[in-house]
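Participant: one predicted model, sequence on top.
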Amino acid sequence: MSPVLHTYSQALYSAFDYLLDKYPDVFIIGQGLWSPWYVGNTMKDLDKKYGSQRVIDTPVAEAACTGAALGASISGMRPIVVHPRMDFMMYASDALVNQAAKWSHMFGGQAQAKLTIRAIINRGGEQGAQHSQALHAWYAHVPGLRVVMPTTPADARDLLIASVMCNDPVVFIDDRWLYDIQEKVTPMRFLSLENEGPQVKISGTDFTIVASGYSTYLAQKAIETLSFGGLSGELIDTRVLAPLDPALIIKSVLKTGRLLVVDGGTRTCGYAAELIASTVESIDPRKLAAPPTRLTLPDAPAPTASSLERLYYPSSHAIVAKIREMFPTRGQL
Amino acid sequence: MNNNLKLSNYSLDQPDQIDVGAFDPQMLVKALSSMIRIRSVERILASARQEGIVNGPVHLAVGQEAVATGVSAALRYTDQVFGAHRSHAHILGLGTDPRRLFAEVLGKKTGLSNGMGGSMHLWDASVGFCGSVPIVAGTVPIAVGAAMANRLQGSDGVSVSYLGDGACEEGVVHESLNLASINKEPVIFIVENNFYASHMHISQRQPLSSTARFASANSITPHIVDGNNFAAVYSATSKLVHAAREGDGPGFIEAFTYRWYGHVDWREDIDVGISRSKSEVELWRTRDPIRRLKDSLILVGVITDADYDQMCKSVQNQLDFAWKTALSDPYPDSDALTRYVYSTNQL
């Protein structure tokens, strides 16, 4: 079968459709599931196709719905909880952080919290500080949770299926800024989430950029720009943020000697910090040609004014500038 | 007794005698034996904690045995029960092996949670106990989800959520009651109202001393029972479990009871002087749920004093052996530290 063009939205829809069709133990619960206003076209009319018993729109109750999904998961189901904005997941923190993440460990491996949390980053558009957050680093900090941030439409589909089929709690984070990205998509691949990790998206020799989700596209654009000046960048897409296997990143940085991490979260104790630390602790500093660095959101909540939003979010221009700082003279190459 | 208890339609002055006539005598004797077992386990743990043999906190349910026993008797092995910090009684009531409970409290590999949980994180799916956690109200929505799974799978299983009067002050309880009610989930909420959340009396925490209003607010009919009366707890639970199996939706029981020990560990006087008075503790000891069932069974001739003494001895012998065995059981291997974090690491 030849690859077909798919948007990220369509890819997500096809994963939900596949899961509901093939697995009677899968159900979806969350706010706004009967309204495309909340989840775009990623779940359009699934309730009509599979019934409102399996695609459950809910009361305004993030904590109870997430806890209930955990209860259903240890009772033989594979629930998917949808949080149309990640910010509202703070209400579900106990169910996720104290409960789902720890049930396997604290009951000696007897409880399988096999639920998937679909957490949507829904930022920009002057929505402000409580409708914008990307909190992947928080969840990656919690042992027991798997954190997935797919970048491409094919990964959105295949990693969503792999997340739901995984027997651990998975926080699957998708970013609405990715929804209209269209790519040629290969046929469905059946992946075991525990075998998935970072992947090289572009091979290069002079510097390494590691990014997750939407930031990966910004980095891709920057690498293209930098190539015109003769710089060859390697791009690694993190894909699975926790548990992290940094081997591929270490290998890349040993080759290029230069590392920039681009991340759509804030800086302090952020995911970029973890990626840099996990990489450089395995590398002899004398093999580094430049100090590893990061480009993140500033340590500030999201602004509302669009003029400030433009300053707040990383851009491919900023990535280009950061990389150029690693090469003080063109002749250094 | 703390004054000004505004209990909606319940008086604490319940008759001492338990009306046992309507029940199978064999079941009542088993229930009595189960209550004796619970109390004896808790007593063993209390002294082991005092002696420093048990290293972690234990929240003991002496005085509250009739609730767990009455609820358990109304359930099938395939139903799912969820507890909290004070759950030794809940899991023992379902028939778990006391040796494995002892081992778990001691942090031993042979424990109910393979030595990874201790007193506050208990699991024995073989008897239907699907988790207790010490985050107050943490398992309440989880029990609703287990009920949801039963409904979606077309089974007539029910789930039980044990919570306390203190847990009713947590927001997630109200989300859970609402969610259970709107979806008619087969879940029974059992509020063990022992009047105290840690050191605070309910009159210092809530405008009313009954939590039944939270059920009514979510269109669930509350049933208030004497939690020191096995038969009352059993009857109320049986009725609601039956209704839930038939698709009538959630049930809610508030069982008034009292813990003889303080909030945590072996001291009976630990909360006395903060809110509890010695006379209050003494009054509740006269309402002893075990003594009441025993006296009622002797009165109608089901057992004799000698039978009762024999039951106590037999339970104690079993438990002494179980305790000794648990003490000599091994601790978890060192790789258990990370083995269970993800399901794939367990081989």
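Facilitator: Here it is on my side, so go on.
Participant: switch to C-alpha atoms for all contacts and neighbour counts from now on
Facilitator: Fine.
Participant: assign the residue of chain B found nearest chain A to helix, strand or coil.
Facilitator: Per C-alpha to the nearest C-alpha, B:Gly145 is where chain B lies closest to chain A, at 3.5 Å. Following DSSP: H, G, I helix; E, B strand; the rest coil, B:Gly145 is assigned to helix.
Participant: pretty sure it is touching A:Ala69, no?
Facilitator: Yes. Counting by C-alpha atoms under 8 Å, B:Gly145 touches A:Ala69, with 5.6 Å between them.
Participant: what is the neighbour count of the residue of chain B closest to chain A?
Facilitator: B:Gly145 has 33 neighbouring residues, counting by other C-alpha atoms under 10 Å in any protein chain shown.
Participant: the residue lying closest to it once chain neighbours are set aside: neighbouring residues, count only.
Facilitator: Residue nearest to B:Gly145 in three dimensions, not counting chain neighbours: A:Ala68, with 3.5 Å by C-alpha to C-alpha, 6 or more residues apart in numbering or on different chains. Using other C-alpha under 10 Å, A:Ala68 is surrounded by 29 other residues.
Participant: and the strand or helix carrying A:Ala68, average pLDDT?
Facilitator: Using DSSP states H and E, A:Ala68 maps to helix A:62-73. The average pLDDT within helix A:62-73 is 98.
Participant: can you check stretch B:235-255 too?
Facilitator: 98.
Participant: can that stretch be said to contact chain A?
Facilitator: No. Stretch B:235-255 lies apart from chain A when judged by C-alpha under 8 Å from any C-alpha of the partner chain; the minimum separation is 14.3 Å.
Participant: buried sites along that stretch?
Facilitator: Within stretch B:235-255, the residues that count as buried by 16 or more other C-alpha atoms under 10 Å in any protein chain shown are B:235-238, B:240-245, B:249-255.
Participant: okay, and the helix or strand of chain A with the least pLDDT?
Facilitator: Between all helices and strands in chain A, the lowest mean by mean pLDDT, DSSP states H and E belongs to helix A:36-39, at a mean of 80.
Participant: ok now it, how far from the chain's centre?
Facilitator: 20 Å (C-alpha atoms, centre = their mean, to the nearest Å).
Participant: ok, now stretch B:299-315?
Facilitator: Put simply, stretch B:299-315 sits 24 Å off its chain's centre (C-alpha atoms, centre = their mean).
Participant: elements contacting the top helix by length along chain B?
Facilitator: In chain B, taking DSSP state H as the definition, the longest helix is helix B:25-50. Helix B:25-50 sits against helix B:65-73, helix B:88-93, helix B:289-299, helix B:305-328, with contacts defined as 3 or more C-alpha pairs under 8 Å, 6 or more residues apart in numbering or on different chains; DSSP states H and E.
Participant: ranking these by burial, who's on top?
Facilitator: A comparison of the helices and strands packed on helix B:25-50 by mean neighbour count, using mean count of other C-alpha atoms under 10 Å in any protein chain shown, puts helix B:65-73 on top with a mean of 28.
Participant: picking up where we left off before, of the buried residues of stretch B:235-255, which belong to strands?
Facilitator: Using DSSP state E, the subset of the buried residues of stretch B:235-255 located in strands is B:251-255.
Participant: returning to that earlier point: could you dump the helices and strands packed on helix B:25-50 to CSV with mean pLDDT?
Facilitator: Formatted as CSV, those follow (pLDDT from 0 to 100):
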stretch, mean pLDDT
helix B:65-73, 98
helix B:88-93, 98
helix B:289-299, 98
helix B:305-328, 98
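Participant: that older thread, now for the ones in strands among the buried residues of stretch B:235-255: which two are most distant?
Facilitator: Using C-alpha to C-alpha, those span at most 12.9 Å, a distance reached by B:Gly251 and B:Ala255.
Participant: where exactly do the strands run in the stretch 51-200 of chain B?
Facilitator: Applying DSSP state E, counting those that start in this stretch to the stretch 51-200 of chain B gives strands spanning B:80-83, B:129-132, B:159-164, B:187-193, B:196-197, B:200-201.
Participant: dump the ones you listed to TSV, plus mean pLDDT and mean neighbour count.
Facilitator: Output for these, formatted as TSV (pLDDT from 0 to 100; neighbours: other C-alpha atoms under 10 Å in any protein chain shown):
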stretch	mean pLDDT	mean neighbour count
strand B:80-83	98	30
strand B:129-132	98	27
strand B:159-164	98	28
strand B:187-193	98	26
strand B:196-197	95	20
strand B:200-201	94	18
